[in-house]
Structures are given as C-alpha cells and as structure tokens.
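[1] Attaching a predicted model along with its sequence, questions to come.
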Amino acid sequence: MDGVVCKVVMPYTDEARVMGEMGRVLKPGGRAIVCYHGAGYYLRYLLEGPSWKRRLYGLRTLVNTWAYALTGRRLPGLAGDTLYQSRRRLARYYRAGGIVLVADSPARDYLTYPVFVYHLVVRASEAA
C-alpha cells in the first residue's frame, strides 16, 4: 500500500506530537486528507449550544486554546482537554514535520470562523 490511512481525533491529542508522527509515517510524496475542528465549531457550541454543558464545553475549549497559543501549555484538568486547530498553528507543525500543504479546501464557517479545516497534505520528498 502506498498510503497510510488513519483517523485521529485531533482536538484531544498532543498536536505537535501527532503532526510529527504524521510526517514520520507518510512516505516521501505520500498524501493525507485531514479534517480538523476550527474555532467556529466551538464558538457555535458556546453561543447556540442546546444545554449549559455544551455551552461550557465550547467556552472551555476556546479559553484553553487561547491559553495554549500564548503559553504552549494546556490548562490543567478537564479545562485543558480540548483544543481547536488554527491554520497558523497547523502551518508550523507541517513545516516542522516536513509536510507540505497542497490544498486548503473551503469549509462552512460560523461568524467568519471555520467550523472545520480541510487540508490535503503531502510529505516532502527527501531530495527536496
């Protein structure tokens, strides 16, 4: 098989580690289609969640991601269990892992923030 197929629930993982692993397991020239949760996904929960629990989940994810972006560390405990993915942070991970963004497909947004981020990526060839 020329490609690797995997499913990762990115909001609950160590992003940098997952991206490093993606760069490691893809063969040079290997492609991956990935989908991430954007800020709009959690903003919608915060503002339109059907229950206070969903609204709180949206709020703590947004706050945790902002804290992570500023400090590089998640909040402790349950407050720090979920992150949304931003295109800027993903670009840094791609560069560090030898991954090249081929396509950033348009996705639905919520209040101008992406609900999902769809990327087609390829591992850079060894010769490049």
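    Great, that's in hand. Because the structure is a prediction, the values reported are computed rather than measured.

[2] where do the helices sit along this protein?
    Secondary structure of the chain, counting by DSSP state H: helices at 15-25, 39-48, 52-71, 87-97.

[3] center of this protein - which residue?
    Centroid-nearest residue in the chain: Q85, 3.4 Å away (criterion: C-alpha atoms, centre = their mean).

[4] now the helices of the chain in a markdown table, with mean neighbour count and distance to R31?
    C-betas here are computed from N, CA, C, even on glycine. Shown next, in a markdown table, are the helices of the chain (neighbours: other C-beta atoms under 10 Å; distance: least, C-beta to C-beta, whole Å):
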| stretch | mean neighbour count | distance to R31 |
| --- | --- | --- |
| helix 15-25 | 16 | 11 |
| helix 39-48 | 19 | 24 |
| helix 52-71 | 16 | 27 |
| helix 87-97 | 16 | 13 |
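
[5] show me the contacts for the residue nearest to the centre of the chain.
    Residues near Q85 by C-beta atoms under 8 Å, 6 or more residues apart in numbering: 10-11, 15, 36-38, 117.

[6] Y84 is in contact with T61, correct?
    Yes - counting by C-beta atoms under 8 Å, T61 does reach Y84; the two are 6.1 Å apart.

[7] Backbone dihedrals for G38, please?
    phi -100, psi 180 (degrees, to the nearest 10).

[8] Find the nearest non-adjacent residue to it, please.
    P114 (3.4 Å; C-beta to C-beta, 6 or more residues apart in numbering).

[9] what about that neighbour, how many neighbours?
    P114 has 22 neighbours, counted by other C-beta atoms under 10 Å.

[10] What's opposite it in the beta bridge?
    Per DSSP bridges, the residues bridged to P114 are D109.
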